[in-house]
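Colleague: With the input below, show me the fold.
(2 chains)
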Amino acid sequence: MTAPDGAGDVRGVAEDALAWVDARRAGFALGEDALSADGEVDRSWKPLGELAQVCATVTRRTARSDPLHARARALLDFAWRETEEGELLLRLQRLEPFATYPLEVYASLAAAGFRHPAFEAAAAVVAGTRGWRLTEQDPTRRLGVRCAEERCGIRPRGQAPPAPRGTWLGGLPEPWTFERAAGYALTHVVFHLTDWGRADDALPPDLARYLADWLPPWLDTCLDAGMWDLAAELLAVAATLPRPTDDTVPPDAWRRLGAARDPSGAIREVGREDGDGEVGDPARYFAHHYHSTLLAAFAAVLTTARPAGRPAGPRHGGQGAPA
Amino acid sequence: MEQSGTSALLQGAVQDLASGVVSALRGGGHPRVVLPADTGGAAGELALAAVRVLGADAMLPSVLLRTPPDPAEAAVFRKAVEAHPPRPDAALSVRWSHWGMARTLRRIDPSSPAGPPDEPGTGALDEADWQSLTRQLAVLAPLALPGEDCAVSRAAVRRPVDVARGFVRAVRRRDWRQAAGAGRWLTLLPGVPDTLGLVSGLDFVELMGGQDPLVALHVQAARLMRTGAPV
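Modeller: Predicted structure coming up:
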């Protein structure tokens, strides 16, 4: 495991996290119940979709010669094979035509270049109904579905509203009202608007300014509270901000996140390790670690992919975002 | 045991004194907030110690509401200022607190020497990260007064966004005293992002922590300063 120290912290987190994910790719495999009516989506399709989403960004934001790129590419191939090149997604769509998660998982793979024309045709038929458009969802999820529709060609690109109405972030709320649920919502709004870190300068200026002002206390308090997954998501958000406002990350943030790694390189979602690691209950261990570890890789790659010229350290005595 | 007993007594005296200040700031009841100067013995010492803990805020009603101080209160305050000057090697926060008391004394007592006392210097305040800056400013919140200039207030004016971040952090950490102190400073700083929502933030801090008179004091002071209390 790479020691978290100085500028190498970020790269070390990316390498450790993706190596962990690769070594445990079997945990992301779809089980026998992936198409069964009582299958648990959170234990099958959700981890696979997240794997694809993160790896699609890693391949986009790293050079082909980078070992991280090759590893992410291999993981994407693995994920696509798990869906039987999209066939399972088509079957899933037939079983639950009005469920949105098959489209969302497909979109994350489509972002990496995998396509299944029959799935897209089927999804377009369903998405053309009033019933689909009127599906009751929270605003952040609705934004995600709209972006997935765009990714799959069901909806023309660029129709997502720049400051999504109804979302916590879009309303620029008082930053001291930030709580865990608001945090997850705001990070995902940013991920959707920036195409999961693959689009440049996709944030409207008012959102970017707001985030530059208030990410520092959110990050600091999430790290203090051991909320590693949310801290990683916030670090990813910080990495998507325009450069002139990006000295928003506390100087010790990556060291603190890096210190949360267990000996295998995994990062727990919340708190400290409390069990006997992977040995006692591998499935539970995987469930409690895969998300944070993936998101740490995601945030680290976005951070290291930034153009040169990033401020080297904290601006003591100055302000991160002068008003 | 005796130490902790004394400490508990002092804490109680500080809370009582702060409650009196809050009541006076709210315009309720008698503005007398300190014991008469002729209170002697242990009770007198305790009263003086409580005034020193509260610092210049012991006379805040007179300063913010522009009411002449009760002569007996002013006498106690003078005694608290003059009886225990800090040693040169005392912590900066102690020296600034004393400086703030001396400034207030000159303001409320025409018989005091003219001109402000010498400032202690700000140490590493300008180089402090935003967390540390806010923590120190909150301790020095009695220096946050409209129209009053000093090196500490100038350091705060230079960093409104950082202090606002510290306010958010303090609320997230449920550190209501620090949040209230930072909020009081923020009412004086130009350039605080509108999205902070300071007015409702102060209401929230009072709601969650206002049973502590030291929290209520800063919140009430902030409100008076926002509404343009004559100074």
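Colleague: starting at the chain centroid, how far to the longest helix along chain B?
Modeller: Using DSSP state H to define each element, chain B has its longest helix at helix B:2-25. Relative to the centre of its chain, helix B:2-25 is centred 14 Å away, using C-alpha atoms, centre = their mean, to the nearest Å.
Colleague: Give the other helices and strands that that helix contacts.
Modeller: Contact here means 3 or more C-beta pairs under 8 Å, 6 or more residues apart in numbering or on different chains; DSSP states H and E; on that basis helix B:2-25 packs against helix B:41-54, helix B:60-65, helix B:213-226. The C-beta positions use only the backbone N, C-alpha and C, and glycine is treated the same way.
Colleague: what's the weakest-modelled helix or strand in chain B?
Modeller: Of the helices and strands making up chain B, the lowest-confidence element is helix B:2-25, at a mean of 86, by mean pLDDT, DSSP states H and E.
Colleague: so that one versus helix B:41-54, what angle?
Modeller: Here helix B:2-25 runs at 60 degrees with respect to helix B:41-54, directions being taken by axes from the mean of the first three to the mean of the last three C-alpha atoms, to 10 degrees.
Colleague: Compute the inter-axis angle for helix B:2-25 and helix B:213-226.
Modeller: Comparing the axes of helix B:2-25 and helix B:213-226 via the same axes, to 10 degrees yields an angle of 30 degrees.
Colleague: hmm, back to that, in terms of mean pLDDT, which of the helices and strands packed on helix B:2-25 ranks lowest?
Modeller: Least confidently modelled of these is helix B:41-54, at a mean of 88 by mean pLDDT.
Colleague: any residues touching that helix, and which ones?
Modeller: When contacts are taken as C-beta atoms under 8 Å, 6 or more residues apart in numbering or on different chains, the neighbours of helix B:41-54 outside the stretch itself are B:9-10, B:13-14, B:16-18, B:21, B:34-35, B:39, B:58, B:76-77, B:79-80, B:83-84, B:97, B:101, B:142.
Colleague: go on, stretch A:222-230?
Modeller: With contact meaning C-beta under 8 Å, 6+ apart, stretch A:222-230 is reached by A:180, A:183-184, A:187, A:231, A:234, A:250, A:253, A:256-257, A:260, A:267-272, A:291-292, A:295-296, B:173.
Colleague: With adjacent residues omitted, what lies nearest to the residue of chain A found nearest chain B?
Modeller: Residue nearest to chain B within chain A: A:Glu174 (3.4 Å; C-beta to the nearest C-beta). For A:Glu174, the nearest residue in space outside its immediate sequence neighbours is B:Gly197; the separation is 3.4 Å by C-beta to C-beta, 6 or more residues apart in numbering or on different chains.
Colleague: same check, this time on A:Arg155
Modeller: Here the nearest residue to A:Arg155 in space, its sequence neighbours aside, is A:Glu149; by C-beta to C-beta, 6+ apart that works out to 4.0 Å.
Colleague: What residues does the residue in chain B positioned nearest to chain A make contact with?
Modeller: Distances between chain B and chain A by C-beta to the nearest C-beta are smallest at B:Gly197, namely 3.4 Å. Residues in contact with B:Gly197, defined by C-beta under 8 Å, 6+ apart, are A:Pro173, A:Glu174, A:Pro175, A:Trp176.
Colleague: distance between whichever helix or strand A:Arg284 is part of and the chain's centre?
Modeller: Counting by DSSP states H and E, the element that carries A:Arg284 is helix A:282-304. Relative to the chain's own centre, helix A:282-304 is displaced by 9 Å; criterion: C-alpha atoms, centre = their mean.
Colleague: Rounded mean pLDDT for that helix, please.
Modeller: Over the span of helix A:282-304, the pLDDT mean works out to 94.
Colleague: Kindly report the same for stretch A:138-157.
Modeller: Rounded to a whole number, the mean pLDDT of stretch A:138-157 is 90.
Colleague: Format the CA atom coordinates belonging to it as CSV.
Modeller: Taking C-alpha atoms only, stretch A:138-157 is exported to CSV below (Å, rounded to 0.1, in the frame of the first residue of the first chain):
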residue,chain,number,x,y,z
ASP,A,138,-36.9,12.7,-6.5
PRO,A,139,-35.4,15.5,-8.5
THR,A,140,-31.8,14.2,-8.3
ARG,A,141,-32.8,10.8,-9.6
ARG,A,142,-34.9,12.4,-12.3
LEU,A,143,-31.9,14.4,-13.5
GLY,A,144,-29.9,11.1,-13.6
VAL,A,145,-32.5,9.4,-15.7
ARG,A,146,-32.6,12.4,-18.1
CYS,A,147,-28.9,12.2,-18.5
ALA,A,148,-29.1,8.4,-19.0
GLU,A,149,-31.7,9.1,-21.7
GLU,A,150,-29.4,11.5,-23.4
ARG,A,151,-26.5,9.1,-23.2
CYS,A,152,-28.6,6.4,-24.9
GLY,A,153,-29.9,8.7,-27.7
ILE,A,154,-33.4,8.7,-26.4
ARG,A,155,-33.4,12.4,-25.7
PRO,A,156,-31.3,15.0,-27.5
ARG,A,157,-28.2,16.1,-25.6
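Colleague: and chain B, which residues reach chain A?
Modeller: Applying C-beta under 8 Å from any C-beta of the partner chain, one finds that chain B approaches chain A through B:126-131, B:159-162, B:164-169, B:171-173, B:179, B:191-193, B:195-197, B:200-201, B:204.
Colleague: in stretch A:221-232, what counts as buried?
Modeller: Of the residues in stretch A:221-232, those buried by neighbour count under the rule 16 or more other C-beta atoms under 10 Å in any protein chain shown are A:Thr221, A:Cys222, A:Leu223, A:Met227, A:Trp228, A:Asp229, A:Leu230, A:Ala231, A:Ala232.
Colleague: Mind checking which of the residues of chain B next to chain A are buried?
Modeller: Applying the neighbour count, that is 16+ other C-beta under 10 Å, the buried entries in the residues of chain B next to chain A are B:128-131, B:159-162, B:164-169, B:171-172, B:179, B:192-193, B:195-197, B:201, B:204.
Colleague: returning to what we had before: what about the residues of chain B next to chain A, which are in helices?
Modeller: Cross-referencing those with the helices (criterion: DSSP H) gives B:130-131, B:160-162, B:164-169, B:171-172, B:179, B:200-201, B:204 as the overlap.
Colleague: Any idea which residue is closest to the centre of chain B?
Modeller: Ranked by distance to the mean C-alpha position of chain B (C-alpha atoms, centre = their mean), the top residue is B:Pro142 at 2.4 Å.
Colleague: got a pLDDT number for that one?
Modeller: Model confidence at B:Pro142, expressed as pLDDT, equals 98.
Colleague: Quick check: the gap between it and A:Ala122.
Modeller: In this structure, B:Pro142 lies at 69 Å from A:Ala122, with C-beta to C-beta, to the nearest Å as the measure.
Colleague: same deal with A:Asp16?
Modeller: 40 Å.
Colleague: neighbour-wise, which of these two wins?
Modeller: Legend: neighbour count by other C-beta atoms under 10 Å in any protein chain shown for A:Asp16 and A:Ala122, higher for A:Asp16 (23 against 18).
Colleague: which residues does A:Val301 contact?
Modeller: With contacts defined as C-beta under 8 Å, 6+ apart, the neighbours of A:Val301 are A:Ala14, A:Thr57, A:Val58, A:Arg61, A:Thr62, A:Leu68.
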